[in-house]
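Participant: Starting from these lines, generate the structure:
(3 chains)
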Amino acid sequence: MGFGRMLENWAAFRKDDYYDNEPYMWGMAIDLNKCIGCGACVTACYAENNLPVVGKYHYSQGYAMHWMRIERYWDEPDGHADIDISQKPETPMYAHEGTPQEDTVSFPERGAHYIPMLCQQCNHAPCEPVCPVAATYHTPDGLNAQVYNRCIGSRYCGNNCPYKVRYFNFLDFWKENYDGAPLPHPLELQLNPDLSVRSKGVMEKCTFCVQRQRDAKNAAETAGHPNYVEDMSFMTACQQTCPTRAIVFGNMKNPKAEVSKLWASHQVELGRVLQDKTEDVRGYRVLEDLNVEPCIMYMDRVRNIEA
Amino acid sequence: MRRGAKNPYSFGFWCKAVFVVVGLLLPMAAHADDISNAPQPIRFPHYIHAGKFKIDCMYCHTYARRSKVSGIPMVAKCIGCHQHIPAVRHKPRIEKLFSYWKKKEPIPWLKVHDLPDFVFFPHMRHIQRFIFQDGRPTQQVCGMCHGDVKTFVTARKIRPLTMGWCLSCHKQFQGTSDIGKPAPASAWMVPTSTAPLMQVKYPQPAVLNPEHPETMTHAEIAKLSNQLPESIREHLVRAPHDCWKCHI
Amino acid sequence: MSSKSWNRRTFLKAMGLGGAGSALLLSGCGNTDIIDEVDLEVRKEKVEPNVDPQDFVQPGVALYYASTCRMCPAGCNLHARIREARVLKLEGNPGSPVNHGRLCPMGQAGLHAHYNPDRLTKPMMRKGGKLVDVSWDEAMDTLKEKLAKKNSRLAWLNGATSGHHAALTKAYLEEAGSKNFFVFDTLPPAVGHAVNEAMFGNAMPRLDFKKAKLILSFGADFLATWMSPVHFPTQYAEFRQPPRGTLVVAESKMTITGANADRWLGIRPGTEGHLAMALASLLVEDPVYAKRVPKDILAEIKKVDPVEVSKITGVSSERLHKLHHLLTKNSPSMVLSGSSAEGVEYGSETARAVLLLNVILGNVGKTILPRSEAVFPDLMPKMGGWAQLRTFIDGLHGGKFDTVVVFGTNPVYQAPAFMKADKAYAKAGYRISFSMFPDETTMASDLVLPLDSYLEEWNTALPAYSPEDGFVGVQQPVMNPVFGEGTTRPFGDMMLAVIKQMNPKYKTWKDYEAYVRDSLWTMRDAMVKPPVPTVGGETVREAFHNQVLSTGYIRLKTKPARAIKPKLEAINLPEAPKANSKYPFRLLPTARLGLWDGRHANLPWLQELPDQLAEVVWDSWVELHPSTAKKLGGIVTGDVLRVSSASGSVEVKALVTMAIHPDCVAIPLGQGHTEYGRYAKGVGVNPYHILDAKYDAKTGELATFATDVNVVKVADRGSIVTLAHGDLVLENGSNSQAGRTIVKTVTAKQFNRTEEA
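Facilitator: Here you go, the predicted model:
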């Protein structure tokens, strides 16, 4: 498109009324009380989205292509590692009373902090304005779109992402599979035809399973209600496989959708940088103070400190 | 070369020249292929089936209204009729057909209307909109992109099928909107009334003559839109103008 | 313009003048080959129609078939998404009470097993000492020659099995007059099953997670590798709804279940039973609990000194009392015993001590529930264990078997070196292997029959843990065999061909599909709600099959279960686990959700899935606590260590982590294959290899968590590849949130107050 048109477009989806006429705003709520860190979502994403397996060497180089990853921490945000029972002062959550264990050995006694991290589909995405060719932009239904055939591979977007959820195809992984051979037959039969297979030089990231969204909208249009996709009639691959139903995805403009109800009950609003919560409910968005407006709400992990 | 003299035919000049020539020629490449010579396994005569016998496009290309792809008819479909037509049973092309059927092998047609792998074009939406909603005749709708097939032998690519060409039609049906900003309803092409379509004048030669691939002009379409009743214009049908609708 | 002034500015100017077409050059439209773009792929791609499909097959439109996952014995039901006659994606079957529409990472990776490039596609026979490809005719003739006869010296080793495969195998062995049927599978908790059977009358009683207010797990990794990787997490999610249940896990190395605990007790290895007895002794101070225990056992419990136990286990007295308090306050509760607790020489005693707590707490009948009698005992799951493998191998060493069949298990890989399984197998007269992959056992066999994958065959399967009695999962092919008709064959077809030669009654069925269909049809009277025709023109039988297959499972009528009457026996725990100065550390060979027991090491998705605790990919490692690392002379993550037991040694890279007791080291199961294809061969080490010959005294099961090792550093700084997410690293090697609120914790009190019930 022409340069003038590009500038217009960059401005268009930064206006507040951009989403007004669109019946959809896709969002997600991930409950860390339920997430057990099993990684089914990660594998389902690989299966659904033609993600290449890069092998040990390329993984060590940072070329892994896991659009969804499970991050595991041992400590709380304030750096307090839930470990040293003899030295740390008591906090409301980690009351280590009584005599320490025999040899003051430290364990992570409250378990691991798991968080599935994926593209947050920020409404004020820092990755969008910096693309030199406008290969990434914001769709009216709230998704951060990545157009593979337009991408020239400058990687500026990946640089800007605060969550580091953008992945660059440094190699033609389908041609240079980990042992140097093309994707061995018959593994290529598993590839999803609804989605591009990305080649070298292209940036990619979680799309909230846009191919499924397209099919769902198609079905809705055929059924005669083009502007209404029923809640849960289409699920992202991660949501569909999660054994504990920790991931809830849906249309946040539909007040009856489960995801909208969760956002509402946790008093997290799109369009606010700092939430105004009347109660200490669990919902929050990661790094939202950067004013990126992520569309994924996480719910705090819970531990019974009386145990 | 003497110092200070300017060489008009420097390395830089030739680089530029090559770029200009290639750049100018590339768009023409989209039209450069003559698919009538594409060697199909059977020289299937559309002019007999769609032309002489007036078989509806969707009788064979069944999936056009149900799926992303329009579908080449299954071999059983051809056999379904031809097993009952003794008059032509031993013609060479029909013999070839039956040989595939006997071996239970699919006929390996060459794809004429091939879009790059990163383009997703849903036939279903187009057929549903233009044939079932708008009520236009099938051959006209299919003909917009595939040409006047009832005069062809095997299929021929008569449209460039480039992104710009697709967008030219999408723009007409989107109005003058930019990405994401919906145009006012009056600028949108809305379904026709129940009156027979032939009353609305479409310039027929544009579809039937592959030498002139243009369809209606913007002005002509706008004129037709304005003739339609107000009540129908409230029905919202929008063509995507969003990269991600087609380039997933 | 001279060539000297050809600089960047002029270059860009020239590009700009290139015209509309040059934009194509810059955009890198997915590929860099301009020729392809100009051509727009005309005359390159073929479009092939179907030949004679069924009318519901439409190109571009996805179809869904219901089947059952066979990636582990859990038997979750799935829906397979098919496009253009190929399966592309597996999802859970929403109607299944086992997995409620969900799948675990292994279930998702079933596609990689199905489409694996190293699948066997030709039958093989050993000729002149080497395995060579043979025709199916020759292979089947040989198979029938070897099997279709009476032979009491035939031995059959199977992996965990259920459903009609189990029934057909049993029928065959009856025809053959062989009693040598062994089931060997590594992860099913055989000791636990035996103790449950003795104590509660059923190897696997029903567990009601939703009713439990507290779950105390002694090494039962129910969220990952304990029997049903999807079912228990679905129940766990409900358990965590308000009012939120509490989870306490006592184990020596943190598993996924431990990582989700409200309190993780890192206890000294082998002391789970002692901890349970200490809790029992605190509980029975209250007469309400005391009267639930028979007098002789009560006397034993009263002898236990909690302070002494605190020293033995490493759990402080305060913790112990706290746990006691929790148990009394949260009723009903559920106390579970798992493989790491049961994997010692007194494993049965440990399990009994742990499960005794359920009796004392009155959980039996509340969260530990009875099962009804099996409707079709031949279809019930046979989980097996090491004791059966031992008998099999002893038999082989003793030359008792002249023909051996192996299906669904890989003893040459799994068995510890001391068992000399490879030598034993070599002694078998004639070795037949049914297998999908060239695994260690298969490559040591004489006749190799390449199998269809579970997505290509007809079958039934019962879940290893079933939330309902009388539940049978149905398996159907979701596509034609990947490598073409006749390259691979289903197990059922081959065995049916064999058994037909022995008993003409089996000739009724043309193939295994007919056998399964017929069996299901005969079961219809036993079904809760047999399907009836709904579509006009369908016969009753057609309707039945269509509905059963589209549902994916059947439910059989069951008699009401009889209440559990616990049978308690004396518990004989040793005084304290003995320390060993030569081998100071306990080796914990822990299973991973992903590679399982090693059967999935050939699946790239699962190798690339970071371990849920260690975050390591494509490798093995040995976990040790920072204090152990210090004690051993300052070991850091990546150092190569030699871990040696009395039976062997392995070299593996260190991973320093706090999530393990200092008295032990843990090496994950699943790697160390010497065959098994390009993705598994030569990757990592197999900790089972160096296990000592120690057995549970009561059941004879191999005590896999009883081996002691010493650890010596042999090289510095090997590379261990982990999921990097660019955070600051704490001195103990773990990542830090470094002040950013990425994941934070709230208390359960607040949760119960602010969440809607």
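
Participant: beta partners of residue C:157?
Facilitator: When assigned by DSSP bridges, residue C:157 has beta-bridge partners residue C:182, residue C:406.

Participant: make that residue C:368, sorry
Facilitator: Beta-bridge partners, per DSSP bridges, of residue C:368: residue C:207, residue C:364.

Participant: and it, how far is that from chain A?
Facilitator: 21 Å (C-beta to the nearest C-beta, to the nearest Å). To be clear about C-beta, it is placed using only N, CA and C from the backbone, and glycine gets the same treatment.

Participant: repeat for residue B:12
Facilitator: Residue B:12 is 24 Å from chain A, by C-beta to the nearest C-beta.

Participant: Now name the helix or strand holding that residue.
Facilitator: Assigned by DSSP states H and E, residue B:12 belongs to helix B:11-32.

Participant: downstream neighbour of that helix in the secondary structure list?
Facilitator: Using DSSP H and E, the helix or strand that follows helix B:11-32 in sequence is helix B:46.

Participant: Pull the residues that contact the helix or strand that comes right after that following helix.
Facilitator: Downstream of helix B:46, the first helix or strand assigned by DSSP H and E is helix B:57-60. Helix B:57-60 is contacted by residues B:49, B:50, B:64, B:65, B:73, B:77, B:127, B:138, B:139, B:142, B:149 when judged by C-beta atoms under 8 Å, 6 or more residues apart in numbering or on different chains.

Participant: Just the buried residues of helix B:57-60, please?
Facilitator: B:57, B:58, B:60 (16 or more other C-beta atoms under 10 Å in any protein chain shown).

Participant: Closest one to chain C out of those residues, please.
Facilitator: When these are compared for distance to chain C (C-beta to the nearest C-beta), residue B:60 wins out at 9.9 Å.

Participant: Kindly provide the distance from the closest one to residue B:74.
Facilitator: Residue B:60 sits 9 Å away from residue B:74, going by C-beta to C-beta, to the nearest Å.

Participant: OK, contacts around residue C:462?
Facilitator: Applying C-beta under 8 Å, 6+ apart to residue C:462 gives the contacts C:75, C:162, C:163, C:379, C:380, C:381, C:471, C:472, C:473.

Participant: And the furthest pair within those residues?
Facilitator: C:380 and C:473 (13.0 Å; C-beta to C-beta).

Participant: When those two are compared, which one has more neighbours?
Facilitator: Taking neighbours as other C-beta atoms under 10 Å in any protein chain shown, residue C:380 and residue C:473 compare with residue C:473 leading, 28 against 16.

Participant: Sheet partners, orientation included, of the host helix or strand of that one?
Facilitator: Counting by DSSP H and E, the element that carries residue C:473 is strand C:471-475. Here strand C:471-475 is paired, per DSSP bridges, with strand C:459-461 (antiparallel), strand C:553-555 (antiparallel).

Participant: Which residue, other than its chain neighbours, is closest to residue C:585?
Facilitator: Spatial nearest neighbour of residue C:585, excluding adjacent residues (C-beta to C-beta, 6 or more residues apart in numbering or on different chains): residue C:665 at 5.0 Å.

Participant: Can you read off the pLDDT for the one you found?
Facilitator: Listed pLDDT for residue C:665 reads 96.

Participant: just the one 3 residues further on next, same as before
Facilitator: The confidence metric pLDDT takes the value 97 at residue C:668.

Participant: What sits closest to it if chain neighbours are left out?
Facilitator: Per C-beta to C-beta, 6+ apart, closest to residue C:668 is residue C:592, 5.0 Å.

Participant: Any idea what that neighbour is bridged to?
Facilitator: Bridge pairing for residue C:592 - DSSP bridges - gives residue C:596.

Participant: show me the contacts for it.
Facilitator: C:224, C:225, C:611, C:612, C:668, C:669, C:670.

Participant: any idea how far it is from residue C:506?
Facilitator: Distance of residue C:592 to residue C:506, given as C-beta to C-beta: 41 Å.

Participant: Over to residue A:262?
Facilitator: Residue A:262 is 56 Å from residue C:506, where distance means C-beta to C-beta.

Participant: Likewise for residue C:573?
Facilitator: Separation of residue C:573 from residue C:506 (C-beta to C-beta) stands at 51 Å.

Participant: swap in residue A:269?
Facilitator: Applying C-beta to C-beta, the value for residue A:269 to residue C:506 is 68 Å.

Participant: can you map out the strands along the stretch 201-307 of chain A?
Facilitator: Taking DSSP state E, counting those that start in this stretch, the strands of the stretch 201-307 of chain A run over residues A:203-204, A:247-251, A:283-284, A:296-299, A:301-303.

Participant: got a list of contacts for the fourth one?
Facilitator: When contacts are defined by C-beta under 8 Å, 6+ apart, strand A:296-299 is touched by residues A:27-33, A:115, A:118, A:120-121, A:262-263, A:266, A:268, A:282-286, C:743.
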